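Asker: How does the following fold in three dimensions:
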Amino acid sequence: MDRGSSEEQPSIRVTTDALRLVPVVELQPSGFGSAPYPRRGPWTTEESERYWRTCLRASGIVGIDPIVPGSWFVAIDALASQDALVKVLRAHLGDSVPADDEVGALGGGLALVDGVEVLLLPTCCGDLSDLENWRASAHGSAGSPEVLWIGHPWLMAWYDAPMLHLREEREHGIPAQPRELVVKPEVLQRAVRLAARDLDVFSERVASALQRIPGVIDAWAIARILVGRRAT
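Answerer: Sure, this is the predicted structure:
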């Protein structure tokens with residue numbers, strides 16, 4: 001059966017029961033400091049991470065590791081320092097705290113991890129509220145591919161009993177070799193529940209950090225928005 005418009009057949013990976021979704025926040029270097037670009041053209045993993053760490057260090061953020069070397073995504077558990085979390089929130093909110101209805105979720109999203117291997121990272125324009133997209137796909141029953149938004153490029157998801165299929169889509173040649181992941185729906189549903197619990201705990205820490213930022217009126221409400229849990 002034709003499952004969509006990918007130009008080539010992706011490699012297929014069957015995931016295990018150890019699958020989980022790890023909430024991650026993207027720390028864009030330019031929001032924290034500046035440093036000379038390593039060079040023109042694609043950067044190596046080492047160059048990207050060195051540039052990222054230099055920019056973060058300019059604002060006093062040290063000792064934080066990305067979930068994957070060379071990426072700018074940090075697991076929420078790695079933001080253990082309240083001082084660092086305040087700086088991350090200030091970078092997101094800007095110089096003046098916006099009204100509640102103008103606040104968006106923290107950029108990043110959910111990393112799909114199987115055991116200790118990171119299979120998927122969020123893509124451009126993803127954020128923590130994308131957990132709800134994962135939830136919808138985990139409970140989906142559509143036999144034809146539907147978009148699972150994690151940013152762009154996105155995933156396509158469909159159900160072919162008894163398994164759920166997730167396929168990477170290509171945008172401007174990225175990823176170079178798209179993959180298809182085969183997942184037990186009940187395992188992904190459990191991963192969604194656990195990620196939601198992690199975000200609820202994180203929202204309490206975010207609310208505490210927001211109380212240190214002048215101009216924040218309702219820290220608890222804004223925290224729920226920032227962690228993508230506005231409607232819960």
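
Asker: Next, please give the residue ranges for the helices of this structure.
Answerer: 45-58, 82-93, 131-138, 185-210, 219-226 (DSSP state H).

Asker: Turn these into TSV, columns for distance to residue 20.
Answerer: Just so you know, the C-beta spots here come from the backbone N, C-alpha and C atoms, and that holds for glycine as well. Shown next, in TSV, are the helices of the chain (distance: least, C-beta to C-beta, whole Å):
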stretch	distance to residue 20
helix 45-58	24
helix 82-93	22
helix 131-138	11
helix 185-210	5
helix 219-226	22
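
Asker: Could you point out which of those helices sits nearest residue 21?
Answerer: helix 185-210 (4.1 Å; C-beta to C-beta).

Asker: From residue 183, how far off is residue 165?
Answerer: Distance check for residue 165 against residue 183: by C-beta to C-beta, to the nearest Å, it reads 8 Å.

Asker: Those two: who's more crowded?
Answerer: When neighbours are counted by other C-beta atoms under 10 Å, residue 165 and residue 183 differ, and residue 183 comes out ahead with 24 against 17.

Asker: What ranges in this protein fall below the confidence cut-off?
Answerer: Along the chain, the parts satisfying pLDDT under 70 run over 1-8, 231-232.

Asker: mind listing the strands for the protein?
Answerer: Chain-ordered strands for the chain, with DSSP state E as the definition, fall at 11-14, 19-26, 73-75, 108-114, 117-120, 146-148, 155-160, 163-168, 179-183.

Asker: Out of the ones you listed, the one nearest residue 205 is which?
Answerer: Between residue 205 and the strands of the chain, the shortest gap by C-beta to C-beta is with strand 19-26, which sits at 12.0 Å.

Asker: And the strands of the chain: which comes nearest residue 193?
Answerer: That would be strand 19-26 among those, by C-beta to C-beta, at 9.5 Å.

Asker: Residue 215 is in contact with residue 94, isn't it?
Answerer: No - if you go by C-beta atoms under 8 Å, residue 215 and residue 94 don't touch, sitting 10.7 Å apart.

Asker: Let me have the strands of the chain in a markdown table, adding distance to residue 199 as columns.
Answerer: Formatted as a markdown table, these follow (distance: least, C-beta to C-beta, whole Å):
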| stretch | distance to residue 199 |
| --- | --- |
| strand 11-14 | 26 |
| strand 19-26 | 6 |
| strand 73-75 | 12 |
| strand 108-114 | 10 |
| strand 117-120 | 18 |
| strand 146-148 | 18 |
| strand 155-160 | 20 |
| strand 163-168 | 21 |
| strand 179-183 | 20 |
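
Asker: Residue 210 is nearest to which of these?
Answerer: The stretch from the strands of the chain with the least distance to residue 210 (C-beta to C-beta) is strand 19-26; that distance is 14.7 Å.

Asker: what's the closest one packed up against?
Answerer: strand 73-75, strand 108-114, helix 131-138, helix 185-210 (3 or more C-beta pairs under 8 Å, 6 or more residues apart in numbering; DSSP states H and E).
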